[in-house]
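*Asks:* Just a sequence and a predicted model for now, questions to come.
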Amino acid sequence: MDLAALPNLGIAGALVIVVGYLLSANHRLMTANRADRAEYLAALSARETQHTAELSAMRIAHAAELTALRARLGELERRLAELEDELDAERDRRRVAEDAAAQALRGHTT
């Protein structure tokens with residue numbers, strides 16, 4: 001293009017040049033955005049896969065921990081029941097002993 005012809009283009013020519021530049025800039029920007037978006041979507045997909053794996057591992061660990069806690073709780077409840085039975089038996093023996101002592105005291109005082 002001859003630079004001497006530029007003054008003859010006028011306003012319409014200047015607008016055509018500006019619009020052409022804007023269209024090419026927009027095309028370059030959209031092409032770059034497509035590539036960036038594809039990279040972003042790939043990274044997002046990889047992170048979602050990793051997150052799903054982490055959640056799955058955490059759920060498995062949580063379930064195992066709950067199973068262990070339930071087993072321990074069952075053992076503690078069984079031990080508590082044994083201690084309650086032992087306490088009841090001790091109370092019964094104490095009542096029998098107190099009754100026998102009271103009986104003996106009544107026998108000695110009369």
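*Replies:* Structure received.
*Asks:* show me what contacts the spatially most central residue of the chain?
*Replies:* Taking CA atoms, centre = their mean as the criterion, Leu55 is the residue nearest the geometric centre of the chain, at 6.6 Å. Contact analysis of Leu55 by CB atoms under 8 Å, 6 or more residues apart in numbering lists nothing. Bear in mind the C-beta positions are built from the backbone N, C-alpha and C, glycine included.
*Asks:* quick one: what helix or strand has it in it?
*Replies:* Using DSSP states H and E, Leu55 sits in helix 6-109.
*Asks:* could you give the mean pLDDT of that helix?
*Replies:* The average pLDDT for helix 6-109 rounds to 91.
*Asks:* What number of neighbouring residues does Leu105 come out with?
*Replies:* 10 (other CB atoms under 10 Å).
*Asks:* and it, how far is that from Asp92?
*Replies:* Distance of Leu105 to Asp92, given as CB to CB, to the nearest Å: 20 Å.
*Asks:* Now do stretch 95-110: distance to the chain's middle.
*Replies:* 67 Å (CA atoms, centre = their mean, to the nearest Å).
*Asks:* same check, this time on stretch 76-95
*Replies:* That offset, for stretch 76-95, works out to 43 Å (CA atoms, centre = their mean).
*Asks:* Pull it out as CSV, backbone CA atoms only.
*Replies:* The C-alpha coordinates for stretch 76-95 follow below in CSV (Å, rounded to 0.1, in the frame of the first residue of the first chain):
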residue,chain,number,x,y,z
LEU,A,76,-17.2,-50.8,76.8
GLU,A,77,-21.0,-51.4,77.1
ARG,A,78,-20.3,-55.1,77.8
ARG,A,79,-17.7,-54.2,80.4
LEU,A,80,-20.1,-51.7,82.0
ALA,A,81,-22.9,-54.3,82.2
GLU,A,82,-20.4,-56.6,83.9
LEU,A,83,-19.5,-53.9,86.4
GLU,A,84,-23.1,-53.1,87.0
ASP,A,85,-23.8,-56.8,87.7
GLU,A,86,-20.8,-57.0,90.0
LEU,A,87,-22.0,-53.9,91.8
ASP,A,88,-25.5,-55.3,92.2
ALA,A,89,-24.0,-58.6,93.6
GLU,A,90,-21.8,-56.6,96.0
ARG,A,91,-24.8,-54.6,97.2
ASP,A,92,-26.7,-57.8,97.7
ARG,A,93,-23.8,-59.3,99.7
ARG,A,94,-23.6,-56.1,101.7
ARG,A,95,-27.3,-56.1,102.5
